[in-house]
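Trainee: Okay, structure incoming, though there's no sequence with it:
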């Protein structure tokens with residue numbers, strides 16, 4: 001069997017709120033409970049398992065490859081909710097999106113400050129390299 005990512009734990013202050021936020025922003029089914037996690041299932045059989053903790057939550061980055069129509073929906077939710085967003089991970093281009101590799105990308109924070117990214121083209125892919133960007 002090839003090596004595949006199966007799941008990762010997303011540490012947060014409130015697993016129900018944080019998992020619901022991500023599922024809603026990406027237009028995914030509601031999170032489901034599993035043991036002490038709230039699980040967000042992605043379409044490629046990988047799950048994000050949200051787990052509550054007390055104290056400081058170290059911020060992480062999570063990138064999601066989405067279809068053009070899903071990107072439009074994510075941007076619509078960002079705008080209608082007044083969520084800050086950026087074109088870059090350094091957050092130096094507020095209110096913008098990027099157009100890397102002929103696609104579109106945006107960064108936004110979840111309730112714990114994790115930097116979520118939605119992109120329409122995978123970085124460094126054959127498709128992206130052929131596009132000349």
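Mentor: Sure thing, it's come through. Bear in mind the structure is a predicted one, so any value in this text is a computation, not a measurement. Numbers count the residues shown, from 1 in each chain.
Trainee: so where's the chain uncertain?
Mentor: The chain contains residues with pLDDT under 70 at 125-133.
Trainee: At which residues are the strands of it located?
Mentor: Using DSSP state E, the strands of the chain run over 7-12, 32-34, 37-41, 47-52, 61-65, 85-86, 105-109, 115-119.
Trainee: who wins for proximity to residue 23 among the ones you listed?
Mentor: Residue 23 lies closest to strand 37-41 among the strands of the chain, at 5.1 Å (Cβ to Cβ). C-beta: built from backbone N, CA, C; applies to glycine.
Trainee: How far away from the center of its chain is that closest one?
Mentor: 14 Å (Cα atoms, centre = their mean, to the nearest Å).
Trainee: Of the strands of the chain, which is nearest residue 99?
Mentor: Of all the strands of the chain, it is strand 105-109 that lies closest to residue 99, at 7.7 Å by Cβ to Cβ.
Trainee: count of neighbours near the residue nearest to residue 54 when sequence neighbours are not counted?
Mentor: What sits nearest to residue 54 in space, not counting adjacent residues and going by Cβ to Cβ, 6 or more residues apart in numbering, is residue 13, at 7.9 Å. Residue neighbour count, defined by other Cβ atoms under 10 Å, stands at 14 for residue 13.
Trainee: sorry, back to before: mind putting the strands of the chain in JSON lines, mean neighbour count and distance to residue 96 included?
Mentor: JSON lines is the format used below for the strands of the chain (neighbours: other Cβ atoms under 10 Å; distance: least, Cβ to Cβ, whole Å):
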{"stretch": "strand 7-12", "mean neighbour count": "17", "distance to residue 96": "26"}
{"stretch": "strand 32-34", "mean neighbour count": "12", "distance to residue 96": "35"}
{"stretch": "strand 37-41", "mean neighbour count": "20", "distance to residue 96": "27"}
{"stretch": "strand 47-52", "mean neighbour count": "20", "distance to residue 96": "26"}
{"stretch": "strand 61-65", "mean neighbour count": "15", "distance to residue 96": "17"}
{"stretch": "strand 85-86", "mean neighbour count": "20", "distance to residue 96": "7"}
{"stretch": "strand 105-109", "mean neighbour count": "21", "distance to residue 96": "8"}
{"stretch": "strand 115-119", "mean neighbour count": "20", "distance to residue 96": "13"}
